[in-house]
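*Asks:* here is my input, please return the structure:
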Amino acid sequence: MNAQNILQIFLTHSTSLLTIALGIILLYVIYLHRKLSFFMRGENAKSLESVIKTYLAHVDDLKKHDELIAEHALKLEKRLTQAVRNVSTVRFKAFDQNASNQSFAIALVNELGNGVILSSLHHRDHVSVFAKPVTHYASQHDLTEEEQGVLEEAKKAHRS
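*Replies:* So this is what the prediction gives:
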């Protein structure tokens with residue numbers, strides 16, 4: 001075999017290989033064209049693009065809405081800590097000669113323990129009402145046993 005014969009065999013086989021490769025590429029292009037046609041069905045060729053743009057706009061709107069909801073939730077959470085919650089009340093008999101338990105103490109405090117304790121001492125011929133400010137579940141004024149009890153109940157309720 002001389003060099004010319006070897007070159008002839010090589011060219012024949014390379015042409016066959018190139019023809020097979022070109023056929024495979026042609027089939028793949030047809031497959032991709034069919035897939036693209038399937039996705040681009042509609043009134044015009046840009047229908048897929050318009051659908052994607054529409055959904056992206058909706059996603060952006062949802063992100064903005066989500067941010068607004070998150071801001072609103074933070075504001076509500078801040079306000080909620082200042083709101084009076086878990087009111088605690090106790091009724092008791094203030095004086096031995098008074099047979100009924102018309103006296104009461106009520107704790108009106110927020111989550112931070114700030115608020116007021118209202119007390120009412122009921123006697124046969126008069127009623128006294130007291131308001132004692134509370135800061136961080138403590139008062140500068142002396143608290144009765146009943147007042148201290150309702151304050152502790154409110155504090156326990158806030159923890160749970």
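*Asks:* distance check, the residue lying closest to residue 88 once chain neighbours are set aside against residue 95.
*Replies:* With CB to CB, 6 or more residues apart in numbering as the criterion, residue 88 has its nearest non-adjacent residue at 3.9 Å, and that residue is residue 153. (C-beta placed from N, C-alpha, C; glycine too.) Going from residue 153 to residue 95 by CB to CB, to the nearest Å gives 23 Å.
*Asks:* more crowded one of these two?
*Replies:* residue 153 (16 against 11; other CB atoms under 10 Å).
*Asks:* helices or strands up against the helix or strand hosting the more buried one?
*Replies:* Counting by DSSP states H and E, the element that carries residue 153 is helix 145-159. Contact analysis of helix 145-159 by 3 or more CB pairs under 8 Å, 6 or more residues apart in numbering; DSSP states H and E lists strand 88-92, strand 103-109, strand 115-122 as its packing neighbours.
*Asks:* just those: most buried one?
*Replies:* strand 103-109 (a mean of 22; mean count of other CB atoms under 10 Å).
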